[in-house]
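A.B. asks: kindly generate the corresponding structure for this input.
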Amino acid sequence: MGALLKSRLYAVKPATLIYSVLMLFIGLVMITPFVFMISGALKTTEQMFLEPLNIIPDQLNWNNYIDVFRHKYYFIWYMNSFIVVLATVLLRGLFVTLAAYAFARLQFRFKEVLFLIMIAKMMIPPDTTIVARYLLYNYMHLIDTHWALILPAIFDVFFLFLLRQFFMGIPKEISEAGIIDGCSHFKIYYKIILPLAKPAIVTMVLFTFIWIWNDYISPFVFINDIKIQLLTVGLQYFQGEAGADYALQMAGASIAIIPTVILFSFLQRYFIEGIVAGGVKG
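C.D. replies: A predicted model of the protein is given here:
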C-alpha cells in the first residue's frame, strides 16, 4: 500500500502539484473574509476588537442573530428580495429561452441583423441609462414598486447569446425528427430542447439569482419606500441603526448570503457543465 501511494505521488507532475497548491492558497484567501464574518457574528463587538484572530470564541453569542430577526423590517426586506428574484428568474427563464430558440432554430427576415443589434446593446453600460430609466419608470408609475426592478431584468442579451449558442449545438436532426412526428415548434421547444439544455438554463438561473439578489443600485434608485425595499439596501439602513454594533452587522450580512450559498451548493454540478458546454459550443 505504501509503495503504491509512493508511486502515485511520483506520478504527479510538478506543474500539477504547484497549480493545486496555488489554487488551494487562493481558495483559502477568498474564504477568509466569510470565516471572519461568521466568527464576528458569534461574538460581541468587544470580543471582535479584543480577540480578532480568535476564530471560534470561548462562548458563542447567538443573541446577534436573534436581534437581527427582531428588527421590524429585516424579514420584510428578505421576503421582498425573494419575491423580486423569483419573479425575475421565472420571467427571464421564459422569455430568454423562447427568444434563444427562435434565433437558433427559426428562419425569419432580418434575424442576423436583429441579433447583432441586441449584441451591440451589451456595449452600453447600464449605469449610463439610469437617469433615463428613472424618468421612464416615473412616467409609467413604476417608481416605488417591485416592477421597476423586475421588468427591466426580464430580458438579458448575455443569456440570450449563451442559450442561443447552446441550442445551436444541439443536433438539428433531433428537431427535424420531432417535426416529422407532428410536433409544433413550441412542443419541440419544451419537450426536447429545454431538457437537453438543462446545464445552460441552470447557469442562467444561478447567475440571475446572484446578480439580482446582490443588486444595490437599482433598488436604491427606484425604491424609496422602506417597507418594500430589498435586502441589499435594507442592510445599509440596518447598519445605520446598529451604529457601532459591528457584531450585529456581521450577523445580518451572514444571514443575507445563505440563499446564494445553498443554491450554488445544489446547482454546482449543472453550473460547471453549463460553463464547459457553453465554452465548447460557443
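
A.B. asks: make it CA atoms for all contacts and neighbour counts henceforth
C.D. replies: OK.

A.B. asks: residue nearest the centroid of this structure?
C.D. replies: Residue closest to the mean C-alpha point of the chain, counted by C-alpha atoms, centre = their mean, is I210 at 2.0 Å.

A.B. asks: what's the closest non-adjacent residue to it?
C.D. replies: Nearest residue to I210, sequence neighbours excluded (C-alpha to C-alpha, 6 or more residues apart in numbering): T260, at 6.3 Å.

A.B. asks: element containing that neighbour?
C.D. replies: Using DSSP states H and E, the element containing T260 is helix 258-281.

A.B. asks: just the pLDDT for L9.
C.D. replies: We have a pLDDT of 49 for L9.

A.B. asks: could you pull out the helices for the stretch 51-200 of the chain?
C.D. replies: For the stretch 51-200 of the chain, the helices defined by DSSP state H, counting those that start in this stretch cover 63-70, 74-105, 111-120, 130-139, 147-150, 157-169, 172-180, 185-188, 194-196, 198-214.

A.B. asks: ok so, going back, surely the residue nearest to I210 and W211 touch.
C.D. replies: No: using C-alpha atoms under 8 Å, T260 is not in contact with W211, being 10.0 Å away.

A.B. asks: compare neighbour counts for these two and give me the winner.
C.D. replies: A count of neighbours by other C-alpha atoms under 10 Å puts T260 above the other of T260 and W211, at 15 against 12.

A.B. asks: if I look at the more buried one, how far off is W213?
C.D. replies: Computed as C-alpha to C-alpha, to the nearest Å, the T260 to W213 distance reads 8 Å.

A.B. asks: same thing with V113?
C.D. replies: In this structure, V113 and W213 are 33 Å apart, going by C-alpha to C-alpha.

A.B. asks: for these two, indicate the residue with more neighbours.
C.D. replies: Comparing V113 with W213 by other C-alpha under 10 Å, the one with more neighbours is W213, at 22 against 10.

A.B. asks: pLDDT score for I83?
C.D. replies: Here the pLDDT value assigned to I83 is 94.

A.B. asks: my error: substitute H141 in the last question.
C.D. replies: pLDDT for H141: 91.

A.B. asks: how about it, phi and psi?
C.D. replies: Main-chain dihedrals, H141, degrees, to the nearest 10: phi 60, psi 40.

A.B. asks: again, but for D156
C.D. replies: Torsion angles, degrees, to the nearest 10, at D156: phi -140, psi 120.

A.B. asks: so what's it up against?
C.D. replies: With contacts defined as C-alpha atoms under 8 Å, 6 or more residues apart in numbering, the neighbours of D156 are 92, 96.

A.B. asks: check which helix or strand the residue lying closest to F238 once chain neighbours are set aside maps to.
C.D. replies: Leaving aside its sequence neighbours, F238 sits nearest to Q249 (C-alpha to C-alpha, 6+ apart; 7.5 Å). Secondary structure assignment for Q249, by DSSP H and E: helix 246-256.

A.B. asks: state the phi and psi torsions of the spatially closest residue to T145 that is not a sequence neighbour.
C.D. replies: Closest residue to T145 apart from its sequence neighbours, by C-alpha to C-alpha, 6+ apart: I223 at 6.7 Å. Dihedral pair for I223: phi -120, psi 120, per degrees, to the nearest 10.

A.B. asks: does I223 touch Q229 like I think?
C.D. replies: Yes: with contact defined as C-alpha under 8 Å, I223 and Q229 form a contacting pair (6.3 Å).

A.B. asks: what about those two, which has more around it?
C.D. replies: Q229 (25 against 20).

A.B. asks: so what's the backbone phi/psi at that one?
C.D. replies: With angles defined as degrees, to the nearest 10, Q229 sits at phi -70, psi 160.
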